[in-house]
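K.L.:
Dropping a prediction and its sequence here:
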Amino acid sequence: METQDDLNLVLEDFLDSMRMERGASLHTVAAYRTDLTDFVAWMDDAGVGSWSDLSTRDILLYLSTFAGRFSPRSQQRKTSAIRSMVKYLSRTKKSQVEMPQVAGSRPPKSLPKSLGYEALEALLGAPDLGTPNGLRDRALMELLYGAGLRISEAIGLRLPQLDRETSAVQVTGKREKTRWVPIPGGTMDWVERYLQDGRPKLARKASDLVILSDRGLPMRRTTAYAKMQEYARACGLEHVSPHQLRHTYAVHLLKGGADLRAVQELLGHESISTTQVYTQLDLDEVRAKYVRAHPRR
């Protein structure tokens, strides 16, 4: 019979396969480790000493403990982690357990509201441009909106990825896939200004990261979120996140007539369906355009 240490060894093998074979991000692997470590602890308490002993009934019992403890979104994430683990066990012949058929509690996809042009300009203009970190924050927000980068992509961006001659950036996104994204002239101007006047004053040691923290270190996601919230409050905006700027980028492209497939490539989405949900235009605006365009209006 396997000990809990053995259970965890198989778990680590699975997490390694996520990184090496599926190209999962560090963030995804960390979330799976947390969720599946809880599952392993439950197995140990329930007397399930090996993955080969795990039954569909055991999984169902564990899933039943979620009710009232976790939000629907958290339940969905934890269930997804177990489902992936079960597939791995079957593929590696460590267990033939089947995932139970459970009624999903998948939460509805929520879209952040895109910013209007006036609110966007107010937010971008909020940092104090007389300071190095203010220039940095302006450049960061410009990259989120002007190039539609994810926050992890923006704060992880390195100087060699930035082609200043052609105003483009090579982005390494989810599953380590790369894409080239053009940078609008206005955005590039702010990035150049930061690189010349702001970044040298933040850099305390050698680093090729574009975005540096106030202490010259890699910027944390939580820091970026907090700074944007400060700027949002200063502008009288209720809540603005880095993701909202990326969403605004996509919506503004579509409103400007960009092709949906092109937007998919720019955002780095694998599926067009993701882009369709991500870039929904306001229904009233779509209806108004339809009425104006249709010959039988």
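P.N.:
Yep, it's here. Numbers count the residues shown, from 1 in each chain.
K.L.:
Report the buried residues of the strand or helix carrying T28.
P.N.:
Element membership of T28, judged by DSSP states H and E, is helix 26-45. Buried residues in helix 26-45, counted by 16 or more other Cβ atoms under 10 Å: T28, V29, A31, Y32, R33, D35, L36, F39, V40, M43. (Each C-beta comes from the backbone N, C-alpha and C, glycine too.)
K.L.:
Just the CA coordinates for that helix, please, in CSV.
P.N.:
The C-alpha coordinates for helix 26-45 follow below in CSV (Å, rounded to 0.1, in the frame of the first residue of the first chain):
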residue,chain,number,x,y,z
LEU,A,26,3.6,28.2,-13.3
HIS,A,27,0.4,29.8,-12.1
THR,A,28,-1.7,26.9,-13.3
VAL,A,29,0.6,24.3,-11.9
ALA,A,30,0.6,26.0,-8.5
ALA,A,31,-3.2,26.1,-8.5
TYR,A,32,-3.4,22.4,-9.4
ARG,A,33,-0.8,21.6,-6.7
THR,A,34,-2.9,23.3,-4.0
ASP,A,35,-6.1,21.7,-5.1
LEU,A,36,-4.7,18.2,-5.5
THR,A,37,-2.7,18.3,-2.3
ASP,A,38,-6.0,18.9,-0.5
PHE,A,39,-7.4,15.9,-2.3
VAL,A,40,-4.4,13.7,-1.3
ALA,A,41,-4.9,14.8,2.3
TRP,A,42,-8.6,13.8,2.1
MET,A,43,-7.7,10.4,0.6
ASP,A,44,-5.3,9.8,3.5
ASP,A,45,-7.9,10.7,6.1
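K.L.:
Give me the angle between the helix or strand following that helix and helix 26-45.
P.N.:
On the C-terminal side of helix 26-45, the closest following helix or strand by DSSP H and E is helix 56-64. Using axes from the mean of the first three to the mean of the last three Cα atoms, to 10 degrees, the direction of helix 56-64 lies 110 degrees away from that of helix 26-45.
K.L.:
In PDB, list the C-alpha atoms belonging to helix 56-64.
P.N.:
Extracted in PDB, the C-alpha atoms of helix 56-64 (Å, rounded to 0.1, in the frame of the first residue of the first chain):
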ATOM      1  CA  THR A  56     -15.400   6.700  -8.500                       C
ATOM      2  CA  ARG A  57     -17.400   6.700  -5.300                       C
ATOM      3  CA  ASP A  58     -14.400   8.100  -3.400                       C
ATOM      4  CA  ILE A  59     -14.200  11.000  -5.800                       C
ATOM      5  CA  LEU A  60     -17.900  11.600  -5.600                       C
ATOM      6  CA  LEU A  61     -17.700  11.700  -1.800                       C
ATOM      7  CA  TYR A  62     -14.900  14.200  -1.900                       C
ATOM      8  CA  LEU A  63     -16.700  16.400  -4.400                       C
ATOM      9  CA  SER A  64     -19.700  16.400  -2.100                       C
END
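K.L.:
follow-up on the earlier one: any chance of the buried residues of helix 26-45 in CSV with pLDDT and distance to V10 as columns?
P.N.:
Listed next are these as CSV, based on pLDDT from 0 to 100; distance: Cβ to Cβ, whole Å:
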residue, pLDDT, distance to V10
T28, 87, 19
V29, 88, 15
A31, 90, 18
Y32, 92, 13
R33, 92, 13
D35, 92, 15
L36, 92, 10
F39, 92, 12
V40, 90, 9
M43, 89, 11
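K.L.:
circling back to that earlier point, which residues does the helix holding T28 contact?
P.N.:
For helix 26-45, the external contacting residues (Cβ atoms under 8 Å, 6 or more residues apart in numbering) are 4, 7-8, 11, 14-15, 18-19, 24, 49, 54, 58, 62, 65, 77-78, 81-82, 84-85, 152.
K.L.:
The residues you listed in helices, which ones?
P.N.:
Under the assignment DSSP state H, those contribute 4, 7-8, 11, 14-15, 18-19, 58, 62, 77-78, 81-82, 84-85, 152 to helices.
K.L.:
Can you say which of those residues are buried?
P.N.:
Looks like these have 7-8, 11, 14-15, 18, 58, 62, 78, 81-82, 84-85, 152 buried, using 16+ other Cβ under 10 Å.
K.L.:
helices and strands of the protein: which one has the lowest mean pLDDT?
P.N.:
Among the helices and strands of the chain, helix 283-293 carries the lowest confidence by mean pLDDT, DSSP states H and E, at a mean of 57.
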